[in-house]
Each structure stands twice: as C-alpha cells, then as structure tokens.
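K.L.:
Any chance you can model this:
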Amino acid sequence: MSRSHTRVTEALKEEACPVTEVLDRVAGKWSIGILIAAAHGPVRFTELERAIQGISRRMLTLNLRRLERDGLLVRTVYPTVPPKVEYGLTPMARELHASLTGLVGWAKRHRSAIAEARAAYDSAAERSTAAD
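P.N.:
Residues are numbered from 1 along each chain as shown. Presented below is the predicted three-dimensional model:
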C-alpha cells in the first residue's frame, strides 16, 4: 500500500466514519419522519405511529430508542395511569431539523433539473449501449 493511500484511508477513518455513522442513523428510512413529526411539539407514540405511514410498532420503538440514545429525542414519562409518554426534539435535533428543512427546500427547487439530468444520462446510456 502506498503512503498516499494510507493517508487517505486514515483521513477517512478519522473524519468520514463518524459523520457517515451519524448520517446513516439520521437519514434512515424512518428517522426523518420521526424528527419532522416531533419538531411540531411533543408527540406521543400513537401519534407518531399514525403519522408515519408503514412503520411497525417495533420499528418505531427501535428508532425512538436510537434517536434518544443519540441525543436527538427526549422521552418524558408522566406518572399517570396509564403512563403518558411524550417525545420531543433536543436543541441539537432542532438544529438538525433546520438543516433538513433547508435540504428539503433545495430538493424542491432542483427536482426538475435532476429529473432532466437523469433523463439525459439515461438517453445517452441507451444510445451508447445500442451502438455497441
């Protein structure tokens, strides 16, 4: 292995791995929906279950625990019978929500340009394949 390859590998381990780990968790199939739902105020488990189409109770539970473990959600249990549990965003998650909102805006603004680029690429790839 060359020295430059070793430096690149070390840089990836030190810089990219922690970022990738966090982004993988936050950008998971269900996490974004949970964070967006909780951004509008504390929400209860059943509210989340109804709001996020297709999520099972088990997946919701697992994702809530992961987001809580990562410091993005706060779980509050009220001493009532039956117990009332609410989930809310932490300040760190509020900052993330602002970034997600910006990303959503970017995606909306560039949706048609991306579709055009994909169509042009696919068309060129088809012509290239047909020529071979």
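K.L.:
could you list every residue that touches Ile114?
P.N.:
By Cβ atoms under 8 Å, 6 or more residues apart in numbering, the contact set of Ile114 is empty. Yep, even glycine has a C-beta here, placed from its N, CA and C like the rest.
K.L.:
Distance check, it against Leu60.
P.N.:
For Ile114, the distance to Leu60 equals 31 Å [Cβ to Cβ, to the nearest Å].
K.L.:
cool, Ala117 as well?
P.N.:
Applying Cβ to Cβ, the value for Ala117 to Leu60 is 36 Å.
K.L.:
Tell me which of those two has more neighbours.
P.N.:
Between Ala117 and Leu60, Leu60 has the larger neighbour count (other Cβ atoms under 10 Å), namely 18 against 11.
K.L.:
name the helices or strands packed onto the one helix or strand Asp24 maps to?
P.N.:
In this structure, Asp24 sits in helix 17-26 according to DSSP states H and E. With contacts taken as 3 or more Cβ pairs under 8 Å, 6 or more residues apart in numbering; DSSP states H and E, helix 17-26 sits against helix 31-38.
K.L.:
The helix it packs on - what's its average pLDDT?
P.N.:
Here helix 31-38 scores 92 as its mean pLDDT.
K.L.:
residues in contact with it?
P.N.:
For helix 31-38, contacts defined as Cβ under 8 Å, 6+ apart pick out 25-26, 43, 47-48, 51-52, 55, 60, 63-64, 66-67, 72-73, 87-89, 93, 96-97, 100.
K.L.:
any idea of the angle the lengthiest helix in the chain forms with helix 31-38?
P.N.:
As assigned by DSSP state H, the longest helix anywhere in the chain is helix 91-131. Counting by axes from the mean of the first three to the mean of the last three Cα atoms, to 10 degrees, helix 91-131 lies at 140 degrees to helix 31-38.
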